[in-house]
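Chemist: When you get a sec, could you give me coordinates for this:
(one chain, ligands or ions: 3)
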Amino acid sequence: MLRIAVPNKGSLAEPAAALLREAGYAERRTGRELVLHDRANDVELYFLRPRDIAVYVGAGTLDAGITGRDLLLDSGADAAEVLELGFASSTFRFAARTGEAPADVTGLAGRRVATSYDGLVRAHLAEHGVDAPVVRLDGAVEISVALGVADVIADVVETGSTLRAAGLEVFGDPILRSEAVLVQRRGTAAPEGLDVLVRRVQGVLVAREYVMVDYDVHVDLLDAASAVTPGLESPTVSPLRDASYVAVRSMVRRGEVNAVMDRLYEIGARAILVTTIHACRI
Ligand SMILES: Nc1ncnc2c1ncn2[C@@H]1O[C@H](COP(=O)(O)OP(=O)(O)OP(=O)(O)O)[C@@H](O)[C@H]1O
Ligand SMILES: O=P(O)(O)OC[C@H]1O[C@H](OP(=O)(O)OP(=O)(O)O)[C@H](O)[C@@H]1O
Ligand SMILES: [Mg+2]
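Modeler: Residues are numbered from 1 along each chain as shown. Ligands and ions are numbered 1, 2, ... in the order given. Now for the predicted structure:
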C-alpha cells in the first residue's frame, strides 16, 4: 500500500487536496484527521506540516509526498522530485529596504539575513563565498528589517505585495524558482503503486491545461487547419455525410484556445466547439 504525505496547512494544503480529489482519491472530512486509509485506491494519506513532508519521505517512512521545491531543498532531506505540480509557484529572493539594496549576494558580507529557510540561505551564501549571519524566523519575515533584527531578508515572493507593504525591494538574481512538487525517496526504486499515482496526477494536470476543440472544415483546407491544431500526436479526422467536409478533433492549450479559434475561423473552419476535459490518461 502506497503511503502519501499531504500538506495539512498553508498555501499548499487546499490545492494539494483538490489535486488528489480530482485524481480520484478519498478526501478527509475534517481538518483534524491526520491519517486516512483510502481502501478503494489502496493508499494511506498522511496529513502533515508541509515542512516535515520531505523529511518523512527522505527517511523512507512514507513513500511519496507533496511539498514545495523550496521546502524540499531547505530540509536537506534525501528526497527527490518526481513531478512538478503547477501550483504554489513562487520565487525565493533576497530583499532589502528600498534604495538600500546591494547589487547582489556578494554585497551581503557581514549583514544579518532573516529567513524561514535557513538551510537554503546558508547553502546559497556558502556557494557564493559570502559570510553573513542568518537569523531564523518562523514567518512574517518581511517585518524583521523594520523591527531591527536583520538588515535584509530572504523569503518567498509571489506578487511582491508583502514586500512592497513592508518598504522592501528585491535584489540580485532569484535564489530559486519554486512550485509544488511530488517527491519520493532519493536514490531508490519507485515504490510500488507510485506509477499509478503519477499517471493519475499527470492526467489531472493535462486535463487542467488542455481543452478539446472540434470543428468542421472543407477537405481542401484540412492541412491548413490541422497545422493550427496539431494536437498531442495528430488530430482526429472523421468523415461527414457531405464528403467535401470533415470533422476535426484536437487538444489545445486552454490559454491559447481563443487565438486558435480566431485562426481556424479565418482559414474557413466552422462549428468550432470547445469542451473541457474532465480526466485523461495520456
Ligand atoms: N504567497 C505565496 N504564493 C505562492 N506560493 C507560496 C506563497 N506562500 C508560500 N508559498 C509556498 O508554499 C510553501 C510553503 O508552505 P507553508 O505551508 O509552509 O507556508 P505558508 O503557505 O506560508 O503557510 P504558513 O506560513 O501560514 O504556515 C512553499 O513551497 C512556498 O513557496
Ligand atoms: O509576494 P506575495 O504575493 O506578497 O506573497 C509572498 C508572501 O506570502 C507568504 O506569506 P504568508 O502569508 O504565508 O505568511 P508567513 O510569512 O507567515 O509565511 C510568503 O512567506 C510571503 O510573505
Ligand atoms: Mg508562509
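
Chemist: residue contacts, the residue of the stretch 151-282 of the chain at minimum distance from ligand 1?
Modeler: Going by CB to the nearest ligand atom, ligand 1 is nearest to Glu158 of the stretch 151-282 of the chain, at 3.4 Å. Just so you know, the C-beta spots here come from the backbone N, C-alpha and C atoms, and that holds for glycine as well. The contact partners of Glu158, taken as CB atoms under 8 Å, 6 or more residues apart in numbering, are Ser89, Ser90, Thr91.

Chemist: closest to ligand 2 among those residues?
Modeler: Ser90 (6.7 Å).

Chemist: For that closest one, grab phi and psi.
Modeler: When quoted as degrees, to the nearest 10, the phi and psi of Ser90 stand at phi -160, psi 170.

Chemist: List the beta-bridge partners for it.
Modeler: On the basis of DSSP bridges, Ser90 is bridged to Ser178.

Chemist: residues touching it, list them.
Modeler: Gly68, Asp70, Val156, Val157, Glu158, Arg177, Ser178, Glu179.

Chemist: go on, Tyr46?
Modeler: Contacts of Tyr46 (CB under 8 Å, 6+ apart): Arg3, Ile4, Ala5, Val6, Leu34, Val35, Tyr56, Leu62.

Chemist: And for the fifth one, the neighbour number?
Modeler: The one in question is Leu34. 10 (other CB atoms under 10 Å).

Chemist: Now it. Its backbone dihedrals?
Modeler: Taking degrees, to the nearest 10 as the convention, Leu34 sits at phi -100, psi -20.

Chemist: ok so, going back, buried among the contacts of Ser90? Need that as a selection in PyMOL.
Modeler: Remark: buried members of the contacts of Ser90, expressed as a PyMOL selection using 16 or more other CB atoms under 10 Å:
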select buried, resi 68+70+156+157+178
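
Chemist: filter the contacts of Ser90 down to the ones close to ligand 2.
Modeler: When contact is defined as CB under 6 Å from any ligand atom, those meet ligand 2 at Val156, Val157, Glu158.

Chemist: and the first one, that one's in a strand?
Modeler: Yes. With DSSP: H, G, I helix; E, B strand; the rest coil as the criterion, Val156 is assigned to a strand.

Chemist: Quick check: chain neighbours aside, which residue is closest to it?
Modeler: Ser90 (4.8 Å; CB to CB, 6 or more residues apart in numbering).

Chemist: what do you get for Arg254?
Modeler: Closest to Arg254 by CB to CB, 6+ apart is Val211, at 5.2 Å.

Chemist: How many residues are close by the one you found?
Modeler: 19.

Chemist: Ile53 now?
Modeler: When neighbours are counted by other CB under 10 Å, Ile53 comes out with 30.

Chemist: I'd assumed Asp63 was in contact with it.
Modeler: No. Contact between Ile53 and Asp63 fails when scored by CB atoms under 8 Å: they sit 11.8 Å apart.

Chemist: For Phe94, give me its contacts.
Modeler: Ala101, Val105, Leu108, Val113, Val152, Ile153, Ala154, Val170, Phe171, Gly172, Ile175.

Chemist: and if we set it to 10 Å?
Modeler: 101-102, 104-105, 107-108, 113, 115, 121, 124, 152-155, 157, 168-175 (CB atoms under 10 Å, 6 or more residues apart in numbering).
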